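Colleague: based on what follows, work out the 3D shape:
(2 chains)
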Number of protein chains: 2
Amino acid sequence: MSKPLALVTEDLELRARDDHHASLRLWLRLLSCTTLIEDAIRQRLRENFGITLARFDLMAQLERHPDGLTMGELSRRMMVSGGNITVIVDQLEKEQLVQRRTAATDRRSFHVLLTPTGRKSFVRMAKQHEEWVIALFAELSTRQQEQLQGLLGHLKTSLHQHK
Amino acid sequence: MSKPLALVTEDLELRARDDHHASLRLWLRLLSCTTLIEDAIRQRLRENFGITLARFDLMAQLERHPDGLTMGELSRRMMVSGGNITVIVDQLEKEQLVQRRTAATDRRSFHVLLTPTGRKSFVRMAKQHEEWVIALFAELSTRQQEQLQGLLGHLKTSLHQHK
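Modeller: Purely as a prediction, here's the structure:
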């Protein structure tokens, strides 16, 4: 039994409106999960190591690039916002945890890389950081984490295409 | 057939290490999806309305609270970081989009609320914002969005308990 056209249209509109709310609710939930985890990690880093999340993030990027990164590359790779990269690098250099190395090809540009001490210090913190992340996700079963990983993977791919 | 104890221990260690990596990978993927969406919305807000994400977020909090919020409440409710709330409120007041209202009970404290013009301006932007969010999630089916919503809901509950 088919509905009158006016009712069908109204149904579509209602559904569309519900769909909208669903995506928006999903985005707000995604954002609030990320914020909750970020805040928890930020707090633990401060309490346990007296460092900011931006500093941890910056060292993590350097750890993945043993040959060092330029300031521009570092800036693009940072996953958290809100830290002034030049200030962090200056501090880390003063503590001898990173060093600047002038490029052989262009004496005006330089790479930043972890010193052996910096790497050791980061690895120790990263181990702790990993434990915190495991604990924060521990209520989700392995199966649920896999599902979440899959769905977010799908989302991430589509977001990259969107760009 | 049971394995020698040494091998069992090694298996557990391997599994533990894999589990670690899985949660950490999950967290990094969650963070990068959030960052990608946030960046996309930030860019569209700037291009279409010439405003920052922090300003949009602040107006969104006020829209949900018609009686207004104190500066402290506003600060706690903000979902994105990186904006100076006092500066944003001052700007919005100058543009007559928000007003400060002194509390009847305590003349030293005040609430911030949207003016009718501010509300109208926000509603127009929010409609566009919703369309963007829908488009950003459009590659996920309704079923996948529901699954994601469910899994993130589970995660969010456990993160609140964790606190």
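Colleague: ranges for the strands of chain A?
Modeller: A:98-102, A:110-114 (DSSP state E).
Colleague: list the buried ones in the first one?
Modeller: By neighbour count, and taking 16 or more other C-beta atoms under 10 Å in any protein chain shown as the criterion, the buried residues in strand A:98-102 are A:Val98. In short, each C-beta sits where N, CA and C put it, glycine included.
Colleague: could you do stretch A:105-119 as well?
Modeller: For stretch A:105-119, burial by neighbour count (16+ other C-beta under 10 Å) applies to A:111-115, A:118-119.
Colleague: how far does stretch A:44-56 stretch from start to finish?
Modeller: End-to-end distance for stretch A:44-56, by C-alpha to C-alpha, to the nearest Å: 12 Å.
Colleague: who's in contact with it?
Modeller: Stretch A:44-56 is touched from outside by A:38, A:41-42, A:78, A:80, A:82-83, A:88, A:91-92, A:125, A:128-129, A:132, with contacts defined as C-beta atoms under 8 Å, 6 or more residues apart in numbering or on different chains.
Colleague: chain center to it, what's the gap?
Modeller: 15 Å (C-alpha atoms, centre = their mean, to the nearest Å).
Colleague: report the buried residues of that stretch.
Modeller: Here stretch A:44-56 shows A:44-45, A:51-56 as buried, counting by 16+ other C-beta under 10 Å.
Colleague: any idea which helix or strand in chain A has the lowest mean pLDDT?
Modeller: Lowest by mean pLDDT, DSSP states H and E among the helices and strands of chain A is helix A:5-49, with a mean of 77.
Colleague: from chain B, how far out is the most centrally placed residue in chain A?
Modeller: Taking C-alpha atoms, centre = their mean, the centroid of chain A lies closest to A:Met79, which sits 3.9 Å from it. Going from A:Met79 to chain B by C-beta to the nearest C-beta, to the nearest Å gives 6 Å.
Colleague: between the buried residues of stretch A:105-119, which sits nearest B:Ala60?
Modeller: Taking C-beta to C-beta as the measure, B:Ala60 lies nearest A:Val112 of these, at 37.8 Å.
Colleague: look up how far A:Met78 lies from the closest one.
Modeller: Counting by C-beta to C-beta, to the nearest Å, the gap from A:Val112 to A:Met78 is 12 Å.
Colleague: state the distance from A:Ala135 to A:His129.
Modeller: Taking C-beta to C-beta, one finds A:Ala135 at 11 Å from A:His129.
Colleague: quick one, which of the two is more surrounded?
Modeller: A:His129 (21 against 13; other C-beta atoms under 10 Å in any protein chain shown).
Colleague: not counting sequence-adjacent ones, nearest residue to A:Leu36?
Modeller: B:Leu159 (4.4 Å; C-beta to C-beta, 6 or more residues apart in numbering or on different chains).
Colleague: with A:Arg42 instead?
Modeller: Excluding its sequence neighbours, the residue lying closest to A:Arg42 (C-beta to C-beta, 6+ apart) is A:Leu53, at 4.5 Å.
Colleague: cool, and A:Thr86?
Modeller: A:Met71 (7.1 Å).
Colleague: quick check: the gap between the one you found and A:His65.
Modeller: With C-beta to C-beta as the criterion, A:Met71 and A:His65 are 13 Å apart.
Colleague: try A:His111
Modeller: 9 Å.
Colleague: same deal with A:Ala104?
Modeller: In terms of C-beta to C-beta, A:Ala104 sits 17 Å off from A:His65.
Colleague: who has more neighbours out of those two?
Modeller: Set A:Ala104 next to A:His65 and count neighbours by other C-beta under 10 Å: A:His65 wins out with 15 against 6.
Colleague: and the more buried one, its phi and psi?
Modeller: Torsion angles at A:His65 (phi, psi; degrees, to the nearest 10) stand at phi -130, psi 80.
Colleague: OK, contacts around the residue nearest to A:Leu36?
Modeller: A:33, A:36-37, A:40, A:136.
Colleague: which ChimeraX command selects the buried ones in those?
Modeller: Filtering these down to the buried ones (16+ other C-beta under 10 Å) takes a single ChimeraX command:
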select /A:33,36,37,40,136
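Colleague: pick out the most distant pair among the contacts of B:Leu159.
Modeller: The most distant members of those, if one measures by C-beta to C-beta, are A:Cys33 and A:Ala40, lying 10.9 Å apart.
Colleague: can I get stretch A:144-163 in PDB, CA atoms only?
Modeller: Provided in PDB are the C-alpha atoms of stretch A:144-163 (Å, rounded to 0.1, in the frame of the first residue of the first chain):
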ATOM      1  CA  GLN A 144      35.300  -4.400  20.000                       C
ATOM      2  CA  GLN A 145      38.700  -2.700  19.600                       C
ATOM      3  CA  GLU A 146      39.100  -4.500  16.300                       C
ATOM      4  CA  GLN A 147      35.700  -3.300  15.200                       C
ATOM      5  CA  LEU A 148      36.400   0.200  16.200                       C
ATOM      6  CA  GLN A 149      39.800   0.100  14.500                       C
ATOM      7  CA  GLY A 150      38.100  -1.100  11.300                       C
ATOM      8  CA  LEU A 151      35.300   1.500  11.300                       C
ATOM      9  CA  LEU A 152      37.700   4.300  12.100                       C
ATOM     10  CA  GLY A 153      40.000   3.000   9.300                       C
ATOM     11  CA  HIS A 154      37.100   3.300   6.900                       C
ATOM     12  CA  LEU A 155      36.300   6.800   8.100                       C
ATOM     13  CA  LYS A 156      40.000   7.900   7.900                       C
ATOM     14  CA  THR A 157      40.300   6.700   4.300                       C
ATOM     15  CA  SER A 158      37.100   8.500   3.300                       C
ATOM     16  CA  LEU A 159      38.300  11.700   5.100                       C
ATOM     17  CA  HIS A 160      41.600  11.600   3.100                       C
ATOM     18  CA  GLN A 161      39.600  11.200  -0.100                       C
ATOM     19  CA  HIS A 162      37.400  14.100   1.000                       C
ATOM     20  CA  LYS A 163      40.400  16.400   1.200                       C
END
